[in-house]
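Chemist: Predicted model and sequence below, questions to follow.
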Amino acid sequence: MNSSHRGDRVLPTLALGCARIGSALTPLSRRECIALLDAALELGVRHFDTASIYGQGDSERYIGEALHARRKEVILASKAGQRLTAKQALISQFKVPIRWLAAQRGAVHKRVADHRAQGVPRCFEPDYLERSLLESLKRLRTDHLDIFYLHSPDPGVLDDEQLLRRVEQWRAKGLFRAFGVSCDEDALVWKAGTHQSVDVVQFAFDATVRAPDLLATLSQHGKRVVLRGFLPAAPHGVSMEQALRGALGSALSLPAVEALIVGTTRLTHLRANAQAYQHALADVSDRELRA
């Protein structure tokens with residue numbers, strides 16, 4: 001979604017989280033996934049967040065197919081550092097029949113979900129990350145990423161000077177514009193948020209509640225922030241759209257935040273999310289007019 005301004009301040013844009021696009025448990029064909037991405041563009045979404053491992057690479061492939069003709073209009077962000085096990089790589093070769101079986105039989109769906117919940121190996125060796133980055137660019141049909149994230153590393157990975165030198169070499173080659181860290185734990189958010197090599201820090205919205213001074217610290221260090229995790233269970237009597245509107249409205253006024261990620265694979269939810277974002281923007285305007 002194109003940036004909105006309040007005075008000299010640029011408000012965060014709505015980003016589409018693409019973790020489920022291409023997944024074996026997502027009951028969408030390739031054509032339907034691309035139609036969803038096209039719809040996101042028509043609704044004004046311009047920031048797409050994915051990763052090398054999402055959909056066993058199909059998330060990036062479908063994004064590349066849908067968006068390559070409009071590359072200059074969009075922000076492409078991807079991540080590296082996680083990889084498939086041999087079994088997961090094998091399963092990915094039979095994704096279409098597995099998706100059909102999972103949709104038809106609850107036991108198959110549960111088995112696939114349980115296997116996925118076991119997680120995946122992580123690898124932040126420079127050579128592996130470079131291969132992963134280049135493969136992502138190929139799947140996305142682009143010569144650069146707007147944001148290249150390390151995908152949930154341990155905080156100590158940011159102490160690896162050899163890795164950081166290689167990161168700067170990749171940046172100098174034009175493979176990405178900004179270097180980021182996607183964080184799953186508060187300790188990593190703080191480490192990345194004060195690290196001189198990091199431009200962008202991505203983490204869950206609820207961390208801003210647990211640590212009210214977090215965003216001020218990141219802002220002081222010149223970091224750009226991307227927030228995710230805006231769909232908790234709605235309180236009794238509150239619709240999901242109302243809950244999302246409230247969460248997005250809270251995030252729109254936070255310092256240093258440039259994008260708000262909301263993921264979906266349903267067109268109806270995508271439209272509702274875009275509407276909730278627009279309503280949240282209007283709420284911010286109303287609050288500022290009354291201030």
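Modeler: Structure's in. What do you need? Numbering: from 1, shown residues only.

Chemist: Helices along the protein, start to end?
Modeler: Taking DSSP state H, the helices of the chain run over residues 30-42, 58-67, 86-92, 95-104, 106-117, 126-140, 161-172, 186-193, 207-210, 214-220, 240-252, 267-290.

Chemist: Next, format the ones you listed as a markdown table and append distance to Ile21, mean pLDDT and mean neighbour count.
Modeler: For every residue, glycine as well, the C-beta is placed using N, CA and C. Shown next, in a markdown table, are the helices of the chain (distance: least, Cβ to Cβ, whole Å; pLDDT from 0 to 100; neighbours: other Cβ atoms under 10 Å):
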| stretch | distance to Ile21 | mean pLDDT | mean neighbour count |
| --- | --- | --- | --- |
| helix 30-42 | 5 | 97 | 17 |
| helix 58-67 | 4 | 98 | 23 |
| helix 86-92 | 14 | 75 | 13 |
| helix 95-104 | 12 | 75 | 15 |
| helix 106-117 | 15 | 71 | 12 |
| helix 126-140 | 12 | 99 | 17 |
| helix 161-172 | 25 | 98 | 14 |
| helix 186-193 | 25 | 97 | 20 |
| helix 207-210 | 25 | 84 | 14 |
| helix 214-220 | 29 | 95 | 18 |
| helix 240-252 | 19 | 90 | 19 |
| helix 267-290 | 11 | 87 | 16 |
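
Chemist: is it possible to export those to TSV including distance to Pro12?
Modeler: As requested, those are exported to TSV (distance: least, Cβ to Cβ, whole Å):
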stretch	distance to Pro12
helix 30-42	16
helix 58-67	20
helix 86-92	34
helix 95-104	34
helix 106-117	30
helix 126-140	23
helix 161-172	24
helix 186-193	17
helix 207-210	12
helix 214-220	12
helix 240-252	6
helix 267-290	9
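
Chemist: closest one to Leu16 among those?
Modeler: Ranking the helices of the chain by proximity to Leu16 (Cβ to Cβ) places helix 30-42 first, at 5.0 Å.

Chemist: How far does that closest one sit from its chain's centre?
Modeler: 17 Å (Cα atoms, centre = their mean, to the nearest Å).
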